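Colleague: Quick one, what's the 3D model for this:
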Amino acid sequence: MYSSYSLSERLVLVHFLAVQLLLIRSVSSLNLTNAYLHHKCLVNQGNYKPGSEYEKNLNFLIRSISTENFKSGFEGLSFGEGSSRVAIRFLCRGDSYGSICFPCYATAVAGLRRRCERNKAGIIWYDQCFLEVSNIEIPVPRKIDQENSFSMHNPSNVNGDIQSFNKKTEDFLYSLIPIATRSPGAGNEPIFYAAGETMLGTKKLYAMVQCTKDIAVCKGCLEWSIGQLSKCCVGKQGSRVLSTTCNLRYELYPFMREDLKPV
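Modeller: Reported below is the predicted structural model:
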């Protein structure tokens with residue numbers, strides 16, 4: 001019964017929190033974070049009322065997603081018709097697939113509900129995932145989403161030749177694109193994720209690139225994102241560019257799991 005959802009929701013969230021507590025020790029030992037990064041309430045798609053058909057459909061989709069949905073790191077689901085349609089897209093960072101990403105999903109659901117209360121649509125980004133909820137059918141394949149994008153950077157600047165650092169960093173990011181878009185085998189789709197490290201003088205650079213699996217041209221999205229670095233992040237020790245179709249990040253310290261590979 002939909003009328004009993006408030007109780008069911010609490011039980012589901014309690015389960016989510018229990019999973020988070022079980023994983024927090026291993027995450028901390030790897031010096032990983034899942035910090036909130038940014039959100040955007042898509043107010044042009046309107047609001048929904050408590051008990052409405054839209055809310056029932058939203059709750060149904062939220063409850064229907066489990067760790068099984070995150071094996072490939074990405075999920076896109078929709079349910080309902082017309083003004084009551086709900087579409088959800090969710091992406092796990094490439095080193096956080098499966099059950100490891102499930103707590104981030106719980107965090108994202110709670111965060112979006114709180115920050116975009118009663119909005120039919122919104123987007124929220126965390127270190128290890130992003131969640132998009134929409135009232136309209138999300139077209140597939142997706143075009144590059146330049147509208148819903150943003151950048152962040154480390155407050156510290158690099159020492160020495162900034163121009164050389166930027167050039168070598170961008171070159172390394174470009175070198176990851178063919179890896180991300182390469183098919184892992186006959187009949188299999190590209191993983192759309194690549195990460196690596198390289199030496200820049202005496203410093204080691206860590207970087208990753210990733211696309212959602214419903215994007216039309218991953219290569220074009222990542223090239224566009226690399227181009228944004230010159231507008232936001234020149235000479236910074238770490239930077240990232242994120243959207244709803246692809247993202248990238250580089251740092252002078254490790255920020256990803258090394259032992260978990262996407263499937």
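Colleague: and R114, what element?
Modeller: helix 102-115 (DSSP states H and E).
Colleague: Whichever helix or strand comes after that helix vs helix 102-115, what angle?
Modeller: Later in the chain than helix 102-115, the nearest helix or strand by DSSP H and E is strand 122-126. Here strand 122-126 runs at an angle of 130 degrees relative to helix 102-115 (axes from the mean of the first three to the mean of the last three C-alpha atoms, to 10 degrees).
Colleague: For strand 122-126, what is the distance to the chain centroid?
Modeller: 8 Å (C-alpha atoms, centre = their mean, to the nearest Å).
Colleague: ditto for stretch 41-58
Modeller: 23 Å.
Colleague: Please apply the same query to stretch 127-141.
Modeller: Using C-alpha atoms, centre = their mean, the offset of stretch 127-141 from its chain centre is 10 Å.
Colleague: how long is it from one end to the other?
Modeller: 25 Å (C-alpha to C-alpha, to the nearest Å).
Colleague: Buried residues, it. List them.
Modeller: D127, Q128, C129, F130, L131, E132, V133, S134, N135 (16 or more other C-beta atoms under 10 Å). In short, each C-beta sits where N, CA and C put it, glycine included.
Colleague: Stretch 161-175 too?
Modeller: Per 16+ other C-beta under 10 Å, stretch 161-175 contains these buried residues: F165, N166, K168, T169, F172, L173.
Colleague: Contacts for it next, please.
Modeller: 158, 196, 198, 200, 205, 207, 209, 222-223, 226, 229-230, 234-235, 248, 250 (C-beta atoms under 8 Å, 6 or more residues apart in numbering).
Colleague: In helices, which of those fall?
Modeller: Mapping these onto helices (DSSP state H) picks out L222, E223, I226, L229, S230.
Colleague: could I get those residues as CSV with pLDDT and neighbour count?
Modeller: Below are those laid out as CSV (pLDDT from 0 to 100; neighbours: other C-beta atoms under 10 Å):
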residue, pLDDT, neighbour count
L222, 98, 28
E223, 98, 15
I226, 98, 19
L229, 97, 21
S230, 96, 10
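Colleague: measure stretch 200-218 end to end?
Modeller: Start-to-end span of stretch 200-218 (C-alpha to C-alpha) is 27 Å.
Colleague: just how off-centre is that stretch within its chain?
Modeller: With C-alpha atoms, centre = their mean, you get 13 Å for stretch 200-218.
Colleague: nearest spatial neighbour of R93, skipping sequence neighbours?
Modeller: Q128 (4.6 Å; C-beta to C-beta, 6 or more residues apart in numbering).
Colleague: you'd agree that neighbour is up against F90?
Modeller: No. The pair Q128 / F90 is not scored as a contact, 11.4 Å apart, by C-beta atoms under 8 Å.
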